[in-house]
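**Q** Provide a 3D model corresponding to the input given below.
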Amino acid sequence: MFPTMNAQSVTKRFAGATGPSTTTVIGNIATGPHNLLSVPAVVDVSGMEYSLGVAHDGLGVAGLGEASAAASQAAIALSDGGPSGDNTTVAILAAVLVPATASPFIDSVPQDVTGTSTTDLDADDWVNFHVTVQPTTITGVGAADVALAYIYGKPGSIN
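**A** Predicted coordinates:
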């Protein structure tokens with residue numbers, strides 16, 4: 001049985017740079033890995049749970065969420081970043097989130113996913129956040145809220 005003190009939760013907001021405009025808008029988040037956290041010990045990925053939500057439309061007119069169905073082309077994922085945190089070709093930790101065209105990410109409605117990877121995270125591995133596909137329209141993902149819950153350690157071990 002896992003000691004309850006090994007349960008962890010992390011929340012973080014990822015945001016694009018301010019766009020080149022006379023009004024303050026957030027630009028699209030760059031694709032590729034963004035470090036979320038480094039795990040303190042072995043983590044069974046199948047027990048991880050995370051929620052991802054688009055907090056701000058990138059360079060669009062909408063204040064929150066994604067402004068249009070065209071923006072739902074975005075795909076968001078978390079992956080095993082390895083001990084250096086810069087790996088981009090390692091295991092995706094759960095199904096990549098690709099909202100249906102009819103229901104893009106909307107304000108205050110995160111999408112929840114449970115880990116599905118068959119590999120575990122090793123001690124000191126990084127968990128990376130990715131916008132794996134960013135729309136070419138102006139209504140991409142400008143800011144995303146990420147929440148991740150996991151239990152680390154091996155059963156019966158003391159961490």
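**Q** Kindly check the end-to-end length of stretch 112-132 for me.
**A** 17 Å (Cα to Cα, to the nearest Å).
**Q** Which residue comes closest to residue 51 once chain neighbours are left out?
**A** In space, and not counting its chain neighbours, residue 51 is closest to residue 110: 4.0 Å by Cβ to Cβ, 6 or more residues apart in numbering. For every residue, glycine as well, the C-beta is placed using N, CA and C.
**Q** would you list every one of the helices in the chain?
**A** Assigned helices in the chain: none (criterion: DSSP state H).
**Q** Going along the chain, name the strands of it.
**A** Counting by DSSP state E, one finds strands in the chain at the ranges 7-15, 32-38, 49-58, 75-82, 111-114, 126-133, 140-151.
**Q** for the fifth one, packing partners?
**A** The one in question is strand 111-114. Helices and strands touching strand 111-114, by 3 or more Cβ pairs under 8 Å, 6 or more residues apart in numbering; DSSP states H and E, are strand 49-58.
**Q** and the strands of the chain, which one's lowest on average pLDDT?
**A** The weakest mean pLDDT among the strands of the chain belongs to strand 49-58, with a mean of 78.
**Q** Who are the contact partners of residue 31?
**A** 130, 131, 132, 133, 134 (Cβ atoms under 8 Å, 6 or more residues apart in numbering).
**Q** still on that earlier bit, which among the strands of the chain is found nearest to residue 95?
**A** Closest to residue 95 of the strands of the chain is strand 111-114 (Cβ to Cβ; 6.0 Å).
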